[in-house]
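*Asks:* Predicted coordinates and the sequence they were generated for:
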Amino acid sequence: MKFSANLGFLWTELPLPEAIHAAANAGFAAVECHWPYATLADDVRAALGATGLRMLGLNTSRGDVAAGENGVCALPDHVEQARASIDQALTYAAATGTRAVHIMAGFAAGPNARGTFIENLTYACDNAGDHLILIEPLNHFDAPGYFLSTTEQAEAIIAEVGHPNLRLMFDCYHVQIMEGDVSRRLARLLPIIGHIQIAGAPSRGRPDQGELNYSFIFEELTRHGYDLPLGAEYRPEGGDTCASLGWMDTLWSAPAG
Ligand SMILES: O=C(O)C(=O)[C@@H](O)CO
Ligand SMILES: [Mg+2]
């Protein structure tokens, strides 16, 4: 199993290029981030080039954070901002060789929100080139009122958009909280999954703590032939990422031979 360091949660005390170097030194196979826009894409590309790591994903902007926005792409009265956030994310992804862009839906509900999200996702896919477009259900406790909260809802939207670039970001932590049955759900949804993330549940601490048995999940994923890096998107205790990394050895030892 390979892992991707989510630099939205790991090494957050470091500037993004330095965090990329820290992830490489710690043995991660890739990195991913949340909102890299305050950092010059050239600086991120240089750090990726120097370390040989790929950036697997970044998010469209949250919008007006002070006003409590968490993405705008399902907000019927924000279509212009949504398209601008998609353009910004795709431009940054192109400049840094980032694999996927996660389209943040925002706080919204109802048929108009769904229709707006589908139109914006279609726009994103039509302009994505080689990049994957991801959507991610978030749990009701961390993101109450967020438009997308279950894999069932995401699966229906992916089918309706019907574009090969559009995939599910399966965050085991959110799925465990909202729906459970994680390993069976993972296996069934693998054909539409574009990225998998991990964290302990329900705390969002390190993956070797809490109610999810990741050793088992890793074995299952390996059995299904899944070999892409899993995104380590957890909050290290006390903010000390290096001290939190023991799980990388204890949860997974590569099969012999
Ligand atoms: O919160 C998560 O889980 C994520 O993966 C973020 O990208 C969304 O904010
Ligand atoms: Mg996630």
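*Replies:* Received the coordinates, thanks. Ligands and ions are numbered 1, 2, ... in the order given.

*Asks:* Please make it C-alpha for all contacts and neighbour counts, starting now.
*Replies:* Noted.

*Asks:* ok, for residue 37, nearest residue in space, not its chain neighbours?
*Replies:* Spatially, and ignoring its direct neighbours in sequence, residue 37 is nearest to residue 92 (7.7 Å; CA to CA, 6 or more residues apart in numbering).

*Asks:* neighbouring contacts of the helix or strand that neighbour falls within?
*Replies:* According to DSSP states H and E, residue 92 maps onto helix 79-96. Residues outside helix 79-96 that contact it (CA atoms under 8 Å, 6 or more residues apart in numbering): 37, 41-42, 44-45, 55, 58-61, 63, 72-73, 98-101, 103, 116, 120, 123-124, 128, 131.

*Asks:* make it 7 Å
*Replies:* 41, 44, 45, 59, 60, 61, 72, 73, 101, 120, 124, 128 (CA atoms under 7 Å, 6 or more residues apart in numbering).

*Asks:* swap in stretch 181-196?
*Replies:* Contacts of stretch 181-196 (CA under 7 Å, 6+ apart): 134, 167, 168, 169, 170, 171, 172, 175, 176, 217, 230, 231.

*Asks:* Please measure how far the first residue of that stretch sits from its last one.
*Replies:* 15 Å (CA to CA, to the nearest Å).

*Asks:* State the mean pLDDT of that stretch.
*Replies:* The average pLDDT for stretch 181-196 rounds to 98.

*Asks:* just to revisit the earlier point, keep only those of the contacts of stretch 181-196 that are in helices.
*Replies:* In helices, judged by DSSP state H, the following of the contacts of stretch 181-196 are found: 172, 175, 176, 217.

*Asks:* Can you give me the pLDDT of the residue positioned nearest the centre of the chain?
*Replies:* Nearest to the mean C-alpha position of the chain, counting by CA atoms, centre = their mean, stands residue 169 at 5.8 Å. For residue 169, the pLDDT comes out at 98.

*Asks:* just residue 57 next, same as before
*Replies:* As predicted, residue 57 sits at a pLDDT of 98.

*Asks:* now residue 253
*Replies:* Residue 253 carries a pLDDT score of 75 in this model.

*Asks:* What strand or helix carries it?
*Replies:* Using DSSP H and E, no helix or strand contains residue 253.

*Asks:* For it, give its distance to residue 53.
*Replies:* In terms of CA to CA, residue 253 sits 22 Å off from residue 53.

*Asks:* picking that back up, from the contacts of stretch 181-196, list just the buried residues.
*Replies:* For those, a neighbour count by 16 or more other CA atoms under 10 Å gives the buried set as 134, 167, 168, 169, 170, 171, 172, 175, 176, 217, 230, 231.

*Asks:* now these in a markdown table, with distance to residue 241?
*Replies:* Listed next are the buried ones among the contacts of stretch 181-196 as a markdown table, based on distance: CA to CA, whole Å:
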| residue | distance to residue 241 |
| --- | --- |
| 134 | 26 |
| 167 | 29 |
| 168 | 27 |
| 169 | 23 |
| 170 | 23 |
| 171 | 20 |
| 172 | 20 |
| 175 | 24 |
| 176 | 23 |
| 217 | 23 |
| 230 | 17 |
| 231 | 14 |
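
*Asks:* which residues touch residue 106?
*Replies:* Each residue near residue 106 by CA under 7 Å, 6+ apart is listed here: 69, 70, 71, 72, 73, 74, 75, 146, 147.

*Asks:* what ranges do the strands span in the chain?
*Replies:* Secondary structure of the chain (DSSP state E): strands located at 3-6, 30-32, 54-55, 57-59, 100-102, 132-135, 166-171, 193-198, 230-232.

*Asks:* Just put the ones you listed in JSON lines and tack on distance to residue 21.
*Replies:* Formatted as JSON lines, the strands of the chain follow (distance: least, CA to CA, whole Å):
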{"stretch": "strand 3-6", "distance to residue 21": "11"}
{"stretch": "strand 30-32", "distance to residue 21": "10"}
{"stretch": "strand 54-55", "distance to residue 21": "12"}
{"stretch": "strand 57-59", "distance to residue 21": "17"}
{"stretch": "strand 100-102", "distance to residue 21": "20"}
{"stretch": "strand 132-135", "distance to residue 21": "25"}
{"stretch": "strand 166-171", "distance to residue 21": "25"}
{"stretch": "strand 193-198", "distance to residue 21": "21"}
{"stretch": "strand 230-232", "distance to residue 21": "16"}
